[in-house]
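Colleague: whatever this is, show me its structure:
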Amino acid sequence: IVKQKKLDKRIIFLGTLNNPFGYVKRATANILSSPSEGLSNVLVEGAILGTLNIASDCPSGPAEILLDGKAGLLYPVGDSLRLAQIMDDVLAGKVNKKELVDNADNALYRFDVTRIAEEFTKLCQKVVNHRRKIGLVNFFFENENYGAVLTAYALSKYLRDLGYDAKNINYIADFYKKRAVKDAADFIAFKAQNLPMTKELSYDDLAEINKEFDTFIVGSDQVFRHGFVKKEKGVYYLSFVNKKRKKIAYAASFGISKFEGKKKDKKKVAAYLKAFDAISVREADGLDILRNEFGLTGTQVLDPVFMIDWKHLTDDFKYGDTIYYVLNQDLRYLAKQNMLGSPLKITQWLSAISNADLVVTDSFHGICFCLIFKKKFVALAHRQSPISRLYSLFDMFSIPREKIVFNDMEIDKDNLKKYAIVPENIDTSL
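Modeller: This next block holds a predicted model:
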């Protein structure tokens, strides 16, 4: 067409150039006649070089880059006559070229690499957070219970390390309010620093929390133990969660080998459990309860404390070569000195186990941390106390149940080392 119109001296096709910017900078106008675009780099480059941009108003970039005609000139896609008229007007000086070029220059901050990276990161985070907000329900509030707080912390940290926006739902069960510990400054400080949570909520507030989270996880610990949660109106079965949200139980425990509730309780709990999207339990007995009492299946998993590394919360604090953490009063006669408990800080409690040579304990989580830190331990138990949790833990790590020292045995209290379990070769990694 150029040759037919004898315009070959006025219209020159330069072909591919390694550096076209000198031509663009000296041009009267930078013209883009595409039928469609993404990000029109050529328009951004024209603005950087101080050249007037003229572009077809095609999808999807030119109008945005040229501020809808305030930072350059737009014409309808395919309208060659309108393009020709704009070119004539520019050459004739009928267009305020300086104003358009100045506007384009002032708008270049939008294409700053650092700004784009920050905006893209914010967008990604917004998308991720929208899809992955998780509300956690457990016994995090038990300020005298190292295990309860640390299992809540472990699950929260594990999920946050995976990139989820996980928060504990700050609901305090009625069963705990009656025995809340007054001197709990360290527990409160630890949770404030390490356990993201919502504002404190009453039962009546819980339904509103559906707006904040996409998924709800209950667990771990004895959150399904009927004797503990029977007056909580189904909170620990996520009764407040609506049908549009995911319901998951992770390492939930029934606490004992059978369901404690009556027939009417079982019917109500069955309805709650059937609304779950996934259920995992901590003990093998939990699988039996799900199957035999509620006609449901589940998966047995380890307590969350086995899911993370604890080095960041331990130091060289040492409480003794042999330490005792005995909760049952009838077994405390076996403890001589170096008894763990209040007023030890949470990090001191962990470090004391980590740096001990031998730990004597009847605590489920005390034994868990002995396994994690590979410390020799004596496992104590009372015949009248629920033992299924301990049996299940031992079975999962192939530790003989016969290693448990019961209160009705003839115990050589002056030589407890002979009952020690050595976990050096027990693999606790997930």
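
Colleague: in the chain, which spans are strands?
Modeller: With strands called from DSSP state E, the chain shows them at 29-32, 52-56, 73-75, 133-137, 165-168, 215-218, 246-252, 278-281, 299-300, 322-325, 358-361, 376-381, 405-406.

Colleague: my guess is residue 172 contacts residue 198, does it?
Modeller: No - assessed by C-beta atoms under 8 Å, residue 172 is found out of contact with residue 198, at 12.0 Å. (Glycine included, C-beta is placed from N, CA and C.)

Colleague: for residue 74, what are its contacts?
Modeller: 54, 55, 56, 57, 62, 63, 66, 68 (C-beta atoms under 8 Å, 6 or more residues apart in numbering).

Colleague: what do you get if the cut-off is 6 Å, keeping everything else the same?
Modeller: Residues in contact with residue 74 (C-beta atoms under 6 Å, 6 or more residues apart in numbering) are residue 57.

Colleague: for it, which residues make a bridge with it?
Modeller: residue 55 (DSSP bridges).

Colleague: let's number from 35 now, not from 1
Modeller: In the new count, where the first residue is 35, that last one comes out as residue 108.

Colleague: in stretch 326-342, what counts as buried?
Modeller: 327, 328, 332, 334, 335, 336, 337, 338, 339, 340, 341, 342 (16 or more other C-beta atoms under 10 Å).

Colleague: identify, from those, the entry nearest to residue 439.
Modeller: Proximity of the buried residues of stretch 326-342 to residue 439 (C-beta to C-beta) peaks at residue 337, which lies at 21.6 Å.

Colleague: separation between the closest one and residue 286?
Modeller: Residue 337 sits 11 Å away from residue 286, going by C-beta to C-beta, to the nearest Å.

Colleague: which non-adjacent residue is nearest residue 309?
Modeller: residue 281 (6.1 Å; C-beta to C-beta, 6 or more residues apart in numbering).

Colleague: whoops, I mixed them up, residue 169
Modeller: Nearest residue to residue 169, sequence neighbours excluded (C-beta to C-beta, 6+ apart): residue 247, at 3.8 Å.

Colleague: for burial, what's the neighbour tally of the one you found?
Modeller: For residue 247, the neighbour count with other C-beta atoms under 10 Å is 21.

Colleague: ok, now residue 226?
Modeller: Neighbours of residue 226 using other C-beta under 10 Å come to 10.

Colleague: residue 271 against residue 305, yeah?
Modeller: No - with contact defined as C-beta atoms under 6 Å, residue 271 does not count as touching residue 305 (8.8 Å).

Colleague: quick one: the helices in the stretch 85-234 of the chain?
Modeller: According to DSSP state H, counting those that start in this stretch, the stretch 85-234 of the chain carries its helices in the segments 96-99, 114-125, 131-140, 147-165, 180-195, 208-211, 219-228.

Colleague: mean neighbour count, those helices: which tops it?
Modeller: Highest mean neighbour count of these: helix 180-195, a mean of 22 (counted as mean count of other C-beta atoms under 10 Å).

Colleague: tell me the angle of it relative to strand 280-286?
Modeller: Orientation note: helix 180-195 sits at an angle of 140 degrees relative to strand 280-286 (axes from the mean of the first three to the mean of the last three C-alpha atoms, to 10 degrees).

Colleague: tell me what helix 180-195 is packed against?
Modeller: Other helices and strands packing on helix 180-195, by 3 or more C-beta pairs under 6 Å, 6 or more residues apart in numbering; DSSP states H and E, are strand 199-202.

Colleague: mind doing that once more with 10 Å?
Modeller: Judged by 3 or more C-beta pairs under 10 Å, 6 or more residues apart in numbering; DSSP states H and E, the packing partners of helix 180-195 are strand 167-171, strand 199-202, helix 219-228, strand 249-252, strand 280-286, helix 380-388, helix 398-407.
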